[in-house]
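J.: This is a predicted model, with the sequence first.
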Amino acid sequence: MTSITPTPEVQSTPEEQPRRPRRVWLWVLLVLIVLGGAVAFAIWLLPTSTATQNETFVGEVGQLIIDVTGGVDLIAGDQTEVTITKEWLLAGEPNVEVTYENGVARVEGECSWFQINCTTRVSGTVASDAVVEVRTSAGSIDVSGTTNGVDLETSAGSVNVGDITGPARLVTSAGNITGSLADGDVQAETSAGRIELVVLGEFTSLSASTSAGNVDLTVPDDVYDVDADTSVGSVNISVRTDPSAVRHIFAETSAGSITIGTAP
């Protein structure tokens, strides 16, 4: 007779539970955040250094070109004379280069990536018949009284003009565009802000475009070919219109109202 030996029951060993990852890295991250905040606060408490640089251009200035990191404020005068204000924190004074050649005056100021709270601003007078070209990465632009056109552009700030004669290009990525122009074609563009312009004299083309904001244009009493469009808002046109008119007005906003009229 064959005997069957029972197979001993093998008890399974419970699977070993995975260990929880240590939370040391969380503490390290927390310490780094605290230290970073403390350093940032300490830097914020440090005083900002300031220096000014005065420049007078001897000779006829037919064109003034400014490319800086801060605001620009110019008014027409008998000669071109500007003050450059530099501000910085740590890492030394920002670099400013001033040149004059063949009637072209240039002011260029820049900050390196490791300079903190660094700006270069320009203010002063410019020969009234000079062509003015301004570029700034962060700051408002104000120019008034020039008679030979302007080209003004800022990445963050408002653009304001007063009694400008000649073609005008006014551009900002974030800010309002306001002011008055004696005459000349106008191109005004902003990504976020209102446009409010008064054109007192003759022009062939007046273009005003914003992604978010109202457009308010005041022009002489005449007949215009008007193209006005808004996605959200009202359109109010009180000038005389004719598609065949030689003077063209283009106004556009994605969110805002458009008003085109004549001075009372």
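T.: Looks like it arrived, so ask away.
J.: So which elements touch the top strand by length along the chain?
T.: Ordering each strand of the chain by length in residues (DSSP state E) puts strand 116-127 first. Counting contacts by 3 or more C-beta pairs under 8 Å, 6 or more residues apart in numbering; DSSP states H and E, strand 116-127 packs against strand 63-68, strand 72-77, strand 81-89, strand 104-110. C-beta coordinates here come from the backbone N, C-alpha and C atoms, glycine included.
J.: so which of the ones you listed comes closest to Y224?
T.: strand 72-77 (28.9 Å; C-beta to C-beta).
J.: Let me see the mean pLDDT of that closest one.
T.: Strand 72-77 shows a mean pLDDT of 97 in the predicted model.
J.: any low-confidence regions in this protein?
T.: Where the chain drops to pLDDT under 70, the residues are 1-31, 34-47, 91, 114-115.
J.: residue ranges for the helices of it, please.
T.: 24-45 (DSSP state H).
J.: how does it divide into domains?
T.: Structural domains annotated on the chain: 48-127, 158-264, as defined by automatic domain parsing.
J.: possible to save those as JSON lines with mean neighbour count and distance to G145?
T.: Formatted as JSON lines, these follow (neighbours: other C-beta atoms under 10 Å; distance: least, C-beta to C-beta, whole Å):
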{"stretch": "domain 48-127", "mean neighbour count": "17", "distance to G145": "3"}
{"stretch": "domain 158-264", "mean neighbour count": "18", "distance to G145": "6"}
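J.: Quick one: closest of those to S144.
T.: S144 sits nearest to domain 158-264 of all those, at 3.3 Å, using C-beta to C-beta.
J.: Next, the distance between the ends of that closest one.
T.: With C-alpha to C-alpha, to the nearest Å as the measure, domain 158-264 spans 26 Å from end to end.
J.: same check, this time on stretch 199-218
T.: 6 Å.
J.: With distance to V143 added, can I get the domains of the chain in CSV?
T.: Compiled in CSV, the domains of the chain are given as follows (distance: least, C-beta to C-beta, whole Å):
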stretch, distance to V143
domain 48-127, 5
domain 158-264, 6
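J.: Which one of those lies nearest to G139?
T.: Closest to G139 of those is domain 48-127 (C-beta to C-beta; 3.3 Å).
J.: To V223, which of the helices and strands packed on strand 116-127 lies closest?
T.: Per C-beta to C-beta, nearest to V223 of these: strand 72-77, 32.0 Å.
J.: what's the distance between the closest residue to E110 other than its chain neighbours and K86?
T.: Closest residue in space to E110, ignoring its immediate chain neighbours: N95 at 5.7 Å, by C-beta to C-beta, 6 or more residues apart in numbering. Distance of N95 to K86, given as C-beta to C-beta, to the nearest Å: 9 Å.
J.: Name all residues that make contact with the nearest residue to T204 once chain neighbours are set aside.
T.: Excluding the flanking residues, the one nearest T204 by C-beta to C-beta, 6+ apart is D185, at 5.6 Å. D185 sits next to 167-168, 203-206 when contact means C-beta atoms under 8 Å, 6 or more residues apart in numbering.
J.: Reformat the residues you listed into CSV and put distance to A245 next to each item.
T.: Output for those, formatted as CSV (distance: C-beta to C-beta, whole Å):
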residue, distance to A245
P167, 20
A168, 21
F203, 12
T204, 10
S205, 12
L206, 12
